[in-house]
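[1] I would like to see how this sequence folds:
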Amino acid sequence: GASVQMPMYVFDVRGSAFLYHQVRCIVAVLFMVARGQEPPDVVKHMLDLTRFPRKPIYKMAAEEPLVLFKCGFDESLQWRRGEPLGRWTLFNHIAKLRSQSALRTASLQLAAEECLASAKGCFAAQDGHTMECDLMVSNWSGTLDPRSSRSSGVISESEEPRHRDGFLDITKSSTHVPLANRPTEDTYEERIKRIRSKTSIRVNIS
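    The predicted model follows:
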């Protein structure tokens, strides 16, 4: 049957501090660059307030895969660790969750392979649909270049499988609008001003 093993990308982001949604926004823009929807220098341009005085509106990457896995502290800090039994209990809990997730992933893998195999057989019997099905299978196996165009024999940006919320989505997307041409969010100062204008302070004078 068709293989539906999906490639996984890991972004290791390090910093002294992070703003709200900062990492998810970074990853979303990097995926746009990877698909050829935005030029690589768009990241540098977005940090230039003369070019981008406000943040363009775009969908952030999903929050589910975002994990804070390590924190660094001053080496002189002395830690007090709990009893080994507590750490073993935590390890066993994590191992149990991992086993449950692996079983669920394996079940979904089999279901997805069966679904794609049956869909390919169905589409092969209909004129004009064989290529679309083959492209779907190629994307799931991670072998299709997302920057290719229909003129070269494969799907265009508006028809290609895309990542939605950080997961592979094979639905059709609308034409990409460059970040520089998108509507923008309010600046921090504008948000504070709007909040203050809606806030009334009552002072009781006795």
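[2] and the lowest mean pLDDT element among the helices and strands of the protein?
    Using mean pLDDT, DSSP states H and E, the weakest-scoring helix or strand in the chain turns out to be strand 162-164, at a mean of 41.
[3] which other helices and strands does the helix or strand hosting Arg87 contact?
    If you go by DSSP states H and E, Arg87 is part of helix 84-124. Counting contacts by 3 or more C-beta pairs under 8 Å, 6 or more residues apart in numbering; DSSP states H and E, helix 84-124 packs against helix 130-140. Backbone N, C-alpha and C define where each C-beta goes, glycine included.
[4] and the strands in the chain, which stretches?
    With strands called from DSSP state E, the chain shows them at 162-164, 167-169.
[5] looking at Gln100 now. What's its pLDDT?
    For Gln100, the model assigns a pLDDT of 94.
[6] so how many other residues sit close to it?
    10 (other C-beta atoms under 10 Å).
[7] what about Ser99, distance to Pro65?
    20 Å (C-beta to C-beta, to the nearest Å).
[8] what do you get for Val33?
    Applying C-beta to C-beta to Val33 and Pro65 gives a distance of 19 Å.
[9] who's more crowded, Ser99 and Pro65?
    With neighbours defined as other C-beta under 10 Å, Ser99 and Pro65 compare such that Pro65 has more, 15 against 10.
[10] how close does the more buried one get to Leu179?
    For Pro65, the distance to Leu179 - C-beta to C-beta - is 22 Å.
[11] much appreciated, bye for now.
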